[in-house]
Each structure stands twice: as C-alpha cells, then as structure tokens.
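Colleague: Next come a sequence and a model predicted from it.
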Amino acid sequence: KKVNHQDQTNVLVKMIAETLNAQITLSGAPSQSSLSEDDFVIGYVGGYAEGLMQVMNIDLNDAERFGILSVTFFDIFGHEKGIELLKPILQNPEEMSGKFANGWTTGVEDVRCWLGSGSHGNKQSPIGLIEHLHGANL
C-alpha cells in the first residue's frame, strides 16, 4: 500500500514526540513541565527533529519543516513556552549560543547513529538528552 505524503509527515511528527518523550521520562525528570530549558536542551530538541527529518528523507518544503519543528517544540515545552523558545532560533539562528549549537549537533548525530546508514550492529539508541539531563541534575 502506498503511503501518502501527509501520512508520512504525521508518522514523523509522532515519532519525534514519542522518542523525545521517552528520553525525558528515562532521564528521571518528574514531568515534562519540569524539563530544563537550557540552551543545550533547546538545541537538542531542534536538532533531533531536524535529524529525523533528514534521515526519513521525506521531501518537505520550508513550511512543512517549520510546522514539524513548531509541533515538536509545542509538544515538548508546551504551546506558549514552545513559541517563546522557537522564536529566537527562527529569527536569529546565528546568535544562538555554543551550548545551543552543541545540543543541535548532538540531537542530529543521535538520530544518525540510531537510524542512519551503516551496519545494524553499530546502531545506538538516542541518549544525548538523557545524558545531558543526568549531568545537569547532579
């Protein structure tokens, strides 16, 4: 059965949300609302969504990419906070901190190591957010 573009996008959005929420839960965060909003976490969430969009290789236009990124931030941080955190990324990405860039890169790389090309034996579950949150809570 051929899967249409909208179905692929819906699967992608659900996959991003569920796997990020699994990392948040496994980190021991008491709830999503208590999730750290430091620059690494914000960057990781954005990079993770971007990494999944790249690996899934769905032909997305800019509006669809923005929509997926927005839904991801709304799901993880809540609607109001998601807008607040996403705005500087979209308006002035070059002004984001080095910690943000490190989080973004880690998110993208986590997805590539998990779902990207390579031998099956080298696949690793995404844990960059868990590791960061454990380090931040020590």
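Modeller: Here it is on my side, so go on.

Colleague: D110 reaches E50, doesn't it?
Modeller: No. Counting by Cβ atoms under 8 Å, D110 does not reach E50; the two are 11.3 Å apart. The C-beta positions use only the backbone N, C-alpha and C, and glycine is treated the same way.

Colleague: list the helices and strands the lowest-mean-pLDDT helix or strand in the chain packs on?
Modeller: Ranked by mean pLDDT, DSSP states H and E, the helix or strand of the chain with the weakest confidence is helix 128-136, at a mean of 84. For helix 128-136, the elements it packs on are helix 5-26, helix 39-56, helix 98-115, judged by 3 or more Cβ pairs under 8 Å, 6 or more residues apart in numbering; DSSP states H and E.

Colleague: Contact partners for N102?
Modeller: Listed by Cβ atoms under 8 Å, 6 or more residues apart in numbering, the contact set of N102 reads F40, G43.

Colleague: Just list the residues touching L60, thanks.
Modeller: Contacts here follow Cβ under 8 Å, 6+ apart; on that basis L60 touches T9, M53, I68.
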